[in-house]
Structure formats: C-alpha cells, structure tokens
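Q: sequence plus predicted model, see below.
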Amino acid sequence: MAGSEEVARKLLERRHRMIAGLMALGQNVGAQMEAAGKRQPATGGAPWKDRTGHARQGLYHDTVLINDTIRVRYAHTMEYGVQLEKGYSGKYAELEPRAKEYAPLFYEEAKRIVGDPP
C-alpha cells in the first residue's frame, strides 16, 4: 500500500532527525561540561589544585550512538583520574557532580527535541 509506505518513510525520517538532534545536544552539553571542568576551582572548575595541569587538560567528552542509545561521556585521560574521583572521600570528584549538574539541562532539551508532551 502506497499510504503505509509513505507513513513508514516519514517515521524513519523523523527518527533520523531526532537522533541527529539528540547527538548534537549531547555534543553541546558535553562541550559545556568539559569547558566548565577545565576552569580553575575558584571559577567553578574541577576542585583539585593543579600540580602539572595534566588532569585538568585531560578532561574530555564525546557523544556516541550505540544500539539506539546515545551516550555522552565525560572522562579523564590521566590514569590517576580514578583516584581523584573515588579517593579522598570525594573531595576532588569532578565527573559525577558535573554530570548531575548538567543532566537537567540535557533532559529538558531532549524533551523538546523528541516532542514530549508538557
């Protein structure tokens, strides 16, 4: 049936637009998290005092689509990043607090992209 093919095509196009929009949103929010983390602690950046600057410089983000799931990753490149995140009773944790800070922004914009009813 020609009508059902048209509906299927339009649904597929909508799905592709939504995925593209959500991927762009993930890249944008990830970039905001990374930029915020790379600031100095006095201006809201990662809470540790730099010795070499490598941990702060090594913060990065990426956004990937895996099995219909969009993942925004914000991570360390330095091997001692785990110690900063998990050690010291969380005093120097950057990743999880920053992700929790930006999650509401991501989800509000995602609802707008997907067209979630108010």
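A: Here it is on my side, so go on.
Q: what's the neighbour count on residue 8?
A: As a burial measure, residue 8 scores 10 neighbours (other CB atoms under 10 Å). (Each C-beta comes from the backbone N, C-alpha and C, glycine too.)
Q: what of residue 25?
A: 20.
Q: same check on residue 61?
A: If you count neighbours by other CB under 10 Å, residue 61 ends up with 19.
Q: what helix or strand does it sit in?
A: strand 60-66 (DSSP states H and E).
Q: next helix or strand past that strand?
A: Going down the chain from strand 60-66, the next helix or strand is strand 69-75, by DSSP H and E.
Q: helices and strands around that following strand, which ones?
A: helix 2-38, strand 60-66, helix 95-114 (3 or more CB pairs under 8 Å, 6 or more residues apart in numbering; DSSP states H and E).
Q: can you lay out those as TSV showing mean pLDDT and distance to residue 46?
A: Compiled in TSV, these are given as follows (pLDDT from 0 to 100; distance: least, CB to CB, whole Å):
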stretch	mean pLDDT	distance to residue 46
helix 2-38	94	5
strand 60-66	97	13
helix 95-114	96	8
